[in-house]
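Trainee: sequence unknown, structure follows:
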DNA sequence: GTCTATATGGAGATAGAC
DNA sequence: GTCTATCTCCATATAGAC
């Protein structure tokens, strides 16, 4: 190993140590109450060193997001490979995520404070777009290979809708103070079967107006750029 | 006027001036970026004086909440007296609120960061309970005198549901970057008629399972204290 | 009771030596 | 790449004048 490679190794180890210390403290005290000083001390480096690796406290959170994505991806892929029905798949996906996030629930509480799509740390922000899109794609795959038939007009939006459903559940879970977050489990089991049934029945001609409503609402909520004339005069 | 009364008058004026300055700065820069120093300076008092009247920065926000309630109440009462149909009433109520909050949209953006029901400033917190309950009561009144028939099992929950619907719309409005928040207007007009229709049809025997579902979900979400055995083994 | 002036302690961040 | 020393800014506290 060249000296240069050795240096890279060392710096990566330091970086990892700092991130680890930060996450440990975030978990224990939440984001706001963990100071950069504490983090540096916990990692055994000087304050300046922590800032050398992570330009800001927020950067630590972004690193956490990215690591989450990297660690979760293979587990979710595996779950998709092993399961087939839509309901079974969605359940597996959410169970994996909840299990993974469980030790970080306190941290996520601090993060979910950022609902504002303008805020970089928000799950709806531009900065987290890549992560979000990748996550939505997993829902698309969950739909694709499952035998569930979905009408064209709804299919485009469904992955995003399922992602929103997931985010709602996660938000509820974060603030669920019942023992072992039992309430979330209940809410999930009660809603999941309904969500799946709704999707399965969505092709029925009778439900066409409902589909129309959903796609209209999504156009209003997500529609980017200008509003159409028709919408403006509504 | 006795000297004592005069003193009270003066202190109230100072208090009002500080609150006014705070709100003005909150509006301009948002909650986080307005400092107590700025507020004191804007009000023409020393920093200590600001803390004499408001024990903390948060106390200023609570005062804003309370003032909002006091100023909005009569306008909402008046709207209820003038209108009759449920749809008409809900529209009037929300229009009044949106118009009232419009100048404070930026401030509300900073505040809506507090979703955590444990956080005092959260609209779901214990500290804001009185305000929230009063607001929910207005929805109850909107339902009561309107001729809309609502089945027993749903009636208990409906005011709270409508309040949640309102909060959802407000949250969307806060982050709605379309010109004049046109998207919110659209979303409101599109959803309101559906909400009202759903309520009107809720008595149909066919919709009984849907009602059951809604009340079950609310029990999970709002249920306080222990979960029942039935729920735990579900 | 009302208010000014000043102090405290801690935060995020950075410059520049090593 | 890493550290020490230091900066700036803030919410909040307090002592004591009026």
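Mentor: Perfect, I can see it now. Note that the structure is a prediction, hence the values are computed from the model and not measured.

Trainee: the domain parsing of chain A - what is it?
Mentor: What automatic domain parsing lists as the domains of chain A is A:1-55, A:58-233.

Trainee: need the ones you listed in CSV (columns: distance to residue B:64).
Mentor: Where C-beta positions appear, they are placed from N, C-alpha and C, glycine not excepted. Compiled in CSV, the domains of chain A are given as follows (distance: least, Cβ to Cβ, whole Å):
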stretch, distance to residue B:64
domain A:1-55, 22
domain A:58-233, 19
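
Trainee: residue B:111 is nearest to which of the ones you listed?
Mentor: Nearest of those to residue B:111, taken as Cβ to Cβ: domain A:58-233 at 11.0 Å.

Trainee: can that closest one be found next to DNA strand D?
Mentor: No: Domain A:58-233 is not in contact with DNA strand D by Cβ under 7 Å from any atom of the strand; minimum separation 14.9 Å.

Trainee: run through the helices of chain A in chain order.
Mentor: Ranges of helices within chain A are A:3-29, A:36-43, A:47-53, A:57-82, A:86-101, A:105-111, A:129-144, A:152-155, A:158-174, A:182-201, A:208-222, A:229-233, based on DSSP state H.

Trainee: report the angle between the longest one and helix A:57-82.
Mentor: Pointing back at helix A:3-29 there. Inter-element angle recorded for helix A:3-29 and helix A:57-82: 90 degrees (by axes from the mean of the first three to the mean of the last three Cα atoms, to 10 degrees).

Trainee: what are the buried residues along helix A:3-29?
Mentor: The neighbour-count check on helix A:3-29 (16 or more other Cβ atoms under 10 Å in any protein chain shown) flags A:14, A:15, A:18, A:19, A:21, A:22, A:23, A:24, A:25, A:26, A:27 as buried.

Trainee: Throw the residues you listed into CSV and include pLDDT and distance to residue A:65, thanks.
Mentor: Listed next are those as CSV, based on pLDDT from 0 to 100; distance: Cβ to Cβ, whole Å:
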residue, pLDDT, distance to residue A:65
A:14, 91, 21
A:15, 92, 16
A:18, 94, 16
A:19, 93, 12
A:21, 93, 17
A:22, 93, 13
A:23, 93, 11
A:24, 92, 17
A:25, 91, 17
A:26, 90, 12
A:27, 89, 15
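
Trainee: between those, which is closest to residue A:113?
Mentor: Of the buried residues of helix A:3-29, the one sitting nearest to residue A:113 (Cβ to Cβ) turns out to be residue A:26, at 13.0 Å.

Trainee: quick one: low-confidence residue ranges for chain A.
Mentor: Applying pLDDT under 70 to chain A flags the ranges A:1-8, A:224-234.

Trainee: which bits of it sit near DNA strand C?
Mentor: Residues of chain A lying close to DNA strand C (Cβ under 7 Å from any atom of the strand) are A:35, A:36, A:37, A:38, A:47, A:48, A:51, A:55, A:56, A:57, A:58.

Trainee: ChimeraX command to pick out the buried ones of these?
Mentor: Only the buried members of these enter the following ChimeraX selection, criterion being 16+ other Cβ under 10 Å:
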select /A:36,38,51,57
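
Trainee: any chance of the residues of chain A next to DNA strand C in a markdown table, with distance to residue B:136 too?
Mentor: Listed next are the residues of chain A next to DNA strand C as a markdown table, based on distance: Cβ to Cβ, whole Å:
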| residue | distance to residue B:136 |
| --- | --- |
| A:35 | 39 |
| A:36 | 42 |
| A:37 | 44 |
| A:38 | 42 |
| A:47 | 48 |
| A:48 | 52 |
| A:51 | 47 |
| A:55 | 45 |
| A:56 | 41 |
| A:57 | 38 |
| A:58 | 37 |
